[in-house]
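Student: Here's a sequence, model it:
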Amino acid sequence: MAERIVSFVMSGGVGSRLWPLSREDNPKQFHDLSGHGSMLLKTLKRLKARAEGETPVFLIASEKHADRIYGDVASLDLSGGGALFEPSGRNTAAAVALATLHTLDRFQDSLVLVVPSDHEISTDRQFWETVENGAAAANDGKLIVFGIKPNQPETGFGYIEVSGDGPVHQVSRFVEKPDLDKAKGYLAAGNFYWNTGIFLFRASTMRAAFEKLSPDIWSATEAALRAATSQVSGLYLPADLYAEIPSNSIDYAIMERADGIAMVKAGFRWNDLGSWQSLLDVSPTDKAGNVIVGDVVAIDCEDSYLRSDGRLLSAIGLKNVAIVSTVDATFVAPVSHSQNVKKIVEQLEKSGRLETKFTPAPDRVITSGAWRRRVSHWLFEETLPLWSTIGVDRAYGGFHEALSFDGTPIQKPKRMRTMARQVYAFAVAKARGWSGPADEIISHGLAFMADKGRTARGGWVRTLNVDGSVADPAEDAYDHSCVLLALAEAQRVGHQGALRLAGETFDFLDAHLEDIRLTGFLETPDGQELRRSNPHMHLLEAFLAWYSVTGERQYLRRASRIIDLFRSHFFDPESWTLGEYFDDEWKPAPGKGEWTEPGHHFEWASLLVDFAEKSGQRDLIGFARKLYASAVANGLNRSTGLAYAAVSRQGLPLDRLSRSWPQAEAIKAAIVLDRPDGPDLKPEIEARVERLFRWHIDAAPRGLWIDQIDERGRAVATEVPASIFYHLVCALMLYLDRTEEAGR
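Tutor: Take a look at the predicted model:
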């Protein structure tokens, strides 16, 4: 009876050598590159095709692709296997250690087969015959690799030097990808083989190798696996523990250092499809040796790979050239140099371009503006009517700070920032055509603020009691930014007195909150608190709003000082993150200096694009893209797709709650970054709106929202805070504006 072989497919890569087709959100293994389905599905089916013997099939993949993988493989019988999801890539050594540990836990000391997800292999029968040829040596304690006899000098593959005769060869050494001269020498020598990256071993043998040669990788992987959580879609490794695993390849960590490495010559044709050259080699060609994919017209071209996934591509007189064109990017290179596309990808990532991360894929979203009807109904028929009635405090003035889920006002102190944000939201609603009593509500709110919330020096108090008496007289920069923003929008929609109040507020800001060193603004006039980037962001928002309303450049000059702080202190160019807390010298504050908030990354991204368009400082769009990219890469909950409240600069969750406002700001950021000079983010926009409604809005009573979702997707909010209203109204109004424009 054939022995059990537990199989694992490694599917964590992004396939950057096949950019612009392969991208972070839709990497190489999900593409049909040679016919008959995606590379991943063909690999899984190949492993299932073993003629006899128990063969559980597992998949080790990025949790970013969990939804897609679950949908793609749900119909496959994996013979007791399943998916293991990595929160971050830790290279192939971690994947092999994970496969070994999982096998020991589930199947004791069985044989383990580890294969990449994206290789082209001739037939299932030849593949399994080759694997079975190595089983005896693996049972004898050998670590088996599989090699391909080269038929040409290839610089894109790693090599294995072997000695001895017979079906199983002793490995002398592994060789990295050589230059052309060395590759020719290896071909002539006859004892060098291409390394397929496929491994067969007994679980106990690999465990012993890790314990001897890389115990740190083994112990860290073991700790992560022990803390993994099981869900319907698969097993999820914890982000914090998985990040502790040293990142190394299995070749460096084990195979090049271990004793008893053996190679079995593969009896199948193989290609790793790792370059456009390799696709030219394996794809059907025309009479001139060209591979033509998509809408392409080629005249007098030879031995070229010409692919268009969008508009017409035309070429004349090309030879040995690769051209790959998508909707938003085009790559051109001699076929022999096409592997160097990784250099292009690295350059794009350094400059904050998102074309490496997101794929323009119209077939992956119904239409731009698919959520318009639901968004419009919720805004104009549900939430604006509710908050314009129940949310307004007719007894004492102003607005209620929060509502219960049955729509009852909660009697709690009223923050000035909340009062101002309600005024701003209703002014935005009026400007966007809401037919409700916006003018009366705006006047009501401004009167309460001005009558009850002013200080003797012309500033604004932090908090009022329910009856309007002062609860906290502190003059907070954050509150002043919200007041200025509300006054700007009130001025825009024609409210008398807004300009006068704004002038007095600017005077107070300059006299009492401006740092005398001209390095931003103090939290409060006494200047005792930690310095924060967040109040400065909201001041930037207010300054830009006043410039938009008046056209006066004094407000743009004020904004530019905040931008200078962003460039010099707030933004970290290494991690693409935004600092939150600083000391008086604008150095990261002890303890909280590593704290970053994905929601603020999204807010800053929107504001940077706005300032770039108003000032002409176009390089700020690159910063905006970097902030958005880092928030998406490191700040999202794997289970829900929602932004965490806070993460470290290394992407480890610090506050695992997902609040509603970061999801709204993610919508705004995606909308403003959906530009002609960048990637098509329309699918991303629709996905962000869908997540906001799925988790925060549709689960709540009519006109309300669930403000807090825990890391498992459970609602934990006990009230509905009014301060979030402006985030939701502004983001969804912008969505209606932009999708309306797209539809005209």
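
Student: From now on I want contacts and neighbour counts done on CA atoms only, so please keep to that.
Tutor: Noted.

Student: where does the protein dip in pLDDT?
Tutor: 1, 35, 360-367, 740-744 (pLDDT under 70).

Student: Need the residue in it that's farthest from the chain's center.
Tutor: Most distant from the centre of the chain: D165, at 49.7 Å, with distances by CA atoms, centre = their mean.

Student: what secondary structure does it sit in?
Tutor: Counting by DSSP: H, G, I helix; E, B strand; the rest coil, the backbone at D165 sits in coil.

Student: before we move on, what about K668?
Tutor: helix.

Student: Just give me the neighbour total for it.
Tutor: 27 (other CA atoms under 10 Å).

Student: List the residues that contact it.
Tutor: If a contact means CA atoms under 8 Å, 6 or more residues apart in numbering, then K668 has F602, E603, S606, A731, L734, Y735 as its contacts.

Student: Can you tell me how far the second one is from F192?
Tutor: So the one you mean is E603. From E603 across to F192, the span is 55 Å (CA to CA, to the nearest Å).

Student: Kindly report the same for the first one.
Tutor: Computed as CA to CA, the F602 to F192 distance reads 51 Å.

Student: name the helices or strands packed onto the helix or strand encompassing M263?
Tutor: M263 belongs to strand 261-265 when assigned by DSSP states H and E. Strand 261-265 sits against helix 124-133, strand 143-148, strand 168-175, with contacts defined as 3 or more CA pairs under 8 Å, 6 or more residues apart in numbering; DSSP states H and E.

Student: Please produce JSON lines containing the ones you listed, extended by mean neighbour count and distance to L241.
Tutor: JSON lines is the format used below for those (neighbours: other CA atoms under 10 Å; distance: least, CA to CA, whole Å):
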{"stretch": "helix 124-133", "mean neighbour count": "17", "distance to L241": "34"}
{"stretch": "strand 143-148", "mean neighbour count": "25", "distance to L241": "28"}
{"stretch": "strand 168-175", "mean neighbour count": "19", "distance to L241": "31"}
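
Student: would JSON lines of those with distance to I441 be doable?
Tutor: Converted to JSON lines, those look like this (distance: least, CA to CA, whole Å):
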{"stretch": "helix 124-133", "distance to I441": "71"}
{"stretch": "strand 143-148", "distance to I441": "73"}
{"stretch": "strand 168-175", "distance to I441": "74"}
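
Student: so which of these gets nearest A288?
Tutor: strand 143-148 (28.3 Å; CA to CA).

Student: Am I right that A645 is in contact with G599?
Tutor: Yes: contact criterion CA atoms under 8 Å: A645 and G599 qualify, at 7.2 Å.

Student: Pull up the overlap in contacts between the two.
Tutor: P662.

Student: hang on, the earlier thing: outside of the next helix-or-strand element following the strand holding M263, which residues touch it?
Tutor: On the C-terminal side of strand 261-265, the closest following helix or strand by DSSP H and E is strand 270-271. Residues outside strand 270-271 that contact it (CA under 8 Å, 6+ apart): H119, E120, I121, S122, I148, T196, S278, V282.

Student: Find me whatever residue is spatially closest to G445, sequence neighbours aside.
Tutor: Spatial nearest neighbour of G445, chain neighbours left out: G398 (4.9 Å); criterion: CA to CA, 6 or more residues apart in numbering.

Student: Report the contact partners of the one you found.
Tutor: Going by CA under 8 Å, 6+ apart, G398 touches V392, M419, H444, G445, L446, F448, M449.

Student: all strands for the stretch 451-600 of the chain, in order.
Tutor: With strands called from DSSP state E, counting those that start in this stretch, the stretch 451-600 of the chain shows them at 463-464, 470-472, 531-532, 571-572, 577-578, 581-582, 595-596.

Student: What of the stretch 151-300 of the chain?
Tutor: 159-163, 168-175, 192-202, 229-231, 234-236, 261-265, 270-271, 291-299.

Student: The stretch 1-150 of the chain too?
Tutor: 5-11, 57-62, 82-86, 111-116, 120-121, 143-148.

Student: that older thread, what's the closest of the helices and strands packed on strand 261-265 to A631?
Tutor: strand 168-175 (38.0 Å).

Student: Which neighbours in the sheet does the closest one have, and how are they oriented?
Tutor: strand 159-163 (antiparallel), strand 261-265 (antiparallel) (DSSP bridges).

Student: ok, residues contacting that strand?
Tutor: 134, 137, 158-164, 256, 260-265.

Student: please redo it, this time with the cut-off set to 6 Å
Tutor: Residues from elsewhere that reach strand 168-175 (CA atoms under 6 Å, 6 or more residues apart in numbering): G158, Y159, I160, E161, V162, S163, I261, A262, M263, V264.

Student: Turn those residues into CSV, columns for distance to V73 and neighbour count.
Tutor: Converted to CSV, the contacts of strand 168-175 look like this (distance: CA to CA, whole Å; neighbours: other CA atoms under 10 Å):
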residue, distance to V73, neighbour count
G158, 31, 18
Y159, 33, 26
I160, 34, 23
E161, 37, 21
V162, 38, 22
S163, 41, 15
I261, 33, 23
A262, 33, 23
M263, 31, 28
V264, 30, 25
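
Student: from those, which is closest to Q528?
Tutor: When these are ranked by distance to Q528 (CA to CA), G158 comes first, at 59.6 Å.

Student: Quick one: neighbours of V549, just the number.
Tutor: 15.

Student: buried residues in stretch 330-348?
Tutor: Applying a neighbour-count criterion of 16 or more other CA atoms under 10 Å, one finds F331, A333, P334, V335, S338, Q339, V341, I344, V345 buried in stretch 330-348.

Student: Helices - which of these land there?
Tutor: Using DSSP state H, the members of the buried residues of stretch 330-348 that fall in helices are V341, I344, V345.

Student: how about JSON lines for the residues you listed, with distance to A61 added?
Tutor: Listed next are those as JSON lines, based on distance: CA to CA, whole Å:
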{"residue": "V341", "distance to A61": "24"}
{"residue": "I344", "distance to A61": "25"}
{"residue": "V345", "distance to A61": "21"}
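
Student: which one of those residues is nearest L187?
Tutor: Of those, the one sitting nearest to L187 (CA to CA) turns out to be V341, at 25.8 Å.

Student: Now for that closest one: which residues touch it?
Tutor: Counting by CA under 6 Å, 6+ apart, V341 has contacts R17.

Student: Let's see that with 10 Å instead.
Tutor: Counting by CA atoms under 10 Å, 6 or more residues apart in numbering, V341 makes contact with S16, R17, L18, W19, P20, S275, W276, F331, V332, A333, Q347.
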